[in-house]
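Trainee: please find the sequence and the predicted model below.
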Amino acid sequence: MQRENRYATESEIQAMQALVDKAMQDGAFGLSSGLLYIPGNFAAPDGTPKVRPQVAHQYGGFYASHMRSEGSAVLQAVQGNY
């Protein structure tokens with residue numbers, strides 16, 4: 001399977017939301033992302049919040065992230081702008 005270095009489409013984001021929803025229904029405690037690592041580093045800065053925290057939160061779950069920056073751009077990373 002070849003991976004493309006691009007942002008997810010709206011239909012792919014919806015599919016990811018459905019997968020998170022199903023996992024939470026099946027007993028997951030939450031989820032995490034690796035925005036610093038492939039393929040997460042190709043996620044649009046505004047795309048991650050659409051998929052992860054809201055869906056897990058509906059079930060009382062958590063979201064943890066390997067942010068894109070823990071250095072000079074840490075504030076932008078926490079705000080989701082990096």
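Mentor: Arrived safely, thanks for sending.
Trainee: CA only for contacts and neighbour counts going forward, please
Mentor: Will do.
Trainee: break down the protein into its helices, ranges please.
Mentor: Applying DSSP state H to the chain gives helices spanning 10-25, 48-51, 53-58, 74-79.
Trainee: tell me which of those is the most buried.
Mentor: Highest mean neighbour count among those (mean count of other Cα atoms under 10 Å): helix 53-58, with a mean of 18.
Trainee: just checking, what packs against that one?
Mentor: Here helix 53-58 touches helix 10-25, strand 62-66, going by 3 or more Cα pairs under 8 Å, 6 or more residues apart in numbering; DSSP states H and E.
Trainee: change it to 10 Å
Mentor: helix 10-25, strand 30-34, strand 62-66 (3 or more Cα pairs under 10 Å, 6 or more residues apart in numbering; DSSP states H and E).
Trainee: so which residues make contact with that helix?
Mentor: 16-25, 28-32, 49, 60-64 (Cα atoms under 10 Å, 6 or more residues apart in numbering).
Trainee: now it: mean pLDDT?
Mentor: Mean pLDDT, helix 53-58: 83.
Trainee: with only the CA atoms kept, save that helix in CSV.
Mentor: Taking Å, rounded to 0.1, in the frame of the first residue of the first chain, the C-alpha atoms of helix 53-58 are listed here in CSV:
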residue,chain,number,x,y,z
PRO,A,53,-11.0,14.8,21.1
GLN,A,54,-14.7,15.4,20.4
VAL,A,55,-15.5,11.8,19.6
ALA,A,56,-13.5,10.3,22.5
HIS,A,57,-14.9,13.0,24.9
GLN,A,58,-18.5,11.9,24.1
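Trainee: what separates that helix from the chain centre, distance-wise?
Mentor: With Cα atoms, centre = their mean, to the nearest Å as the basis, helix 53-58 stands 11 Å off its chain's centre.
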